[in-house]
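Build me a structure from this.
(one chain, ligands or ions: 1)
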Amino acid sequence: MRICRRAEELTPFFGGEFVPTMGALHEGHLALVRRAKRERGITVVSIFVNPTQFGPGEDFEDYPRREEQDLRLLEKEEVDAVFLPRKEEVYPEDFATTVRVDRRLTGVLCGKYRPGHFDGVTTVVARLFGLVKPKRAYFGWKDAQQLIVVKKMVEDLALGIEIVPVETVREADGLALSSRNAYLDAEQRRRAAGIFRALSAGRGLAERGSCRAGDLLRRVREFLERDDLSPQYLELRTVKNLEEIRSDSVLEAAPDGEELLLATAVPLGKARLIDNLRFRAKIIRRTPAFEGERK
Ligand code: PAF
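As a prediction, the model looks like this:
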């Protein structure tokens, strides 16, 4: 496994499979790597804690950094190259570009509470794509909004990179794996499993037949309250373009329906945990015409 600290060392690895990470690797990252390895191309993983996607007062300084352990894990997975750049390699002194995807995708959900976060993500991902020049890149559904935003950037800029989504990896009790789970104490860790229980209860309601979006969201909130969890946001949106599903819309379970994203962010101690579930439903929107028909 080659460790590349400078961009020019990446040339032999162009055109391969790319897994961008911020390190502190766990089974969720390794699932991305294993999915990439299935393509049998050259696999490159980057480890870079990107300062531009952290806002003031966020956890950039405290974000877990475990370079030696990460390298051991990647060696075991038989990754071909690890890109471990210094900040100056990613952002040279005269770097002057920001890549910004429309606010309709980046100003909602996490973007509403982390202003500028997705500009930092798209800028670093675009820069890393330019340095690594991959054929395919792998992103987890755990960060669904990031995946949707990066996909849109690649499409709009015709970057010619295939974005491969990979399912969220969970602990036995359902908690989605995240480097930030390391911030939780034992009591918080126990309560954190309530996030998956709550989202599953919401999805379960939708999958059972027909329900109002507002009732589904209420059910999720009730479950969160049982574990004394109060979400920063809890929303139902389309996967296609993150359009919000109004609470008075009726959802009818349908395998060929619209793919929906039930997403939440829950502050818990020093951590801010995000998670989501997807399901398909036909959406019956209550438009003025619809109201008229019912009179
Ligand atoms: O998901 C992450 O770890 C980061 O947001 C990414 C994609 C590596 C960009 O810094």
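
Contacts only, for Pro115.
By Cβ atoms under 8 Å, 6 or more residues apart in numbering, the residues touching Pro115 are Gly55. The C-beta positions use only the backbone N, C-alpha and C, and glycine is treated the same way.

List the buried residues of the longest strand along the chain.
Longest among the strand segments of the chain by residue count, using DSSP state E, is strand 250-268. Buried positions in strand 250-268, judged by neighbour count with 16 or more other Cβ atoms under 10 Å: Val250, Leu251, Ala253, Glu258, Leu260, Leu261, Leu262, Ala263, Thr264, Ala265, Val266, Leu268.

Same question for stretch 201-221.
For stretch 201-221, by 16+ other Cβ under 10 Å, it's 201-203, 205-206, 211-213, 216-217, 219-221.

Not counting its neighbours along the chain, what's nearest Ala7?
Leu131 (4.8 Å; Cβ to Cβ, 6 or more residues apart in numbering).

mind checking the SS state of that neighbour?
What DSSP: H, G, I helix; E, B strand; the rest coil gives for Leu131 is helix.

ok, back up a step: can you lay out the buried residues of stretch 201-221 as JSON lines showing secondary structure, distance to Ile163 and pLDDT?
Formatted as JSON lines, the buried residues of stretch 201-221 follow (DSSP: H, G, I helix; E, B strand; the rest coil; distance: Cβ to Cβ, whole Å; pLDDT from 0 to 100):
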{"residue": "Ala201", "secondary structure": "helix", "distance to Ile163": "30", "pLDDT": "98"}
{"residue": "Gly202", "secondary structure": "helix", "distance to Ile163": "27", "pLDDT": "98"}
{"residue": "Arg203", "secondary structure": "helix", "distance to Ile163": "24", "pLDDT": "98"}
{"residue": "Leu205", "secondary structure": "helix", "distance to Ile163": "31", "pLDDT": "97"}
{"residue": "Ala206", "secondary structure": "helix", "distance to Ile163": "26", "pLDDT": "96"}
{"residue": "Cys211", "secondary structure": "strand", "distance to Ile163": "32", "pLDDT": "97"}
{"residue": "Arg212", "secondary structure": "strand", "distance to Ile163": "33", "pLDDT": "97"}
{"residue": "Ala213", "secondary structure": "helix", "distance to Ile163": "28", "pLDDT": "98"}
{"residue": "Leu216", "secondary structure": "helix", "distance to Ile163": "28", "pLDDT": "98"}
{"residue": "Leu217", "secondary structure": "helix", "distance to Ile163": "29", "pLDDT": "98"}
{"residue": "Arg219", "secondary structure": "helix", "distance to Ile163": "32", "pLDDT": "98"}
{"residue": "Val220", "secondary structure": "helix", "distance to Ile163": "28", "pLDDT": "98"}
{"residue": "Arg221", "secondary structure": "helix", "distance to Ile163": "32", "pLDDT": "98"}
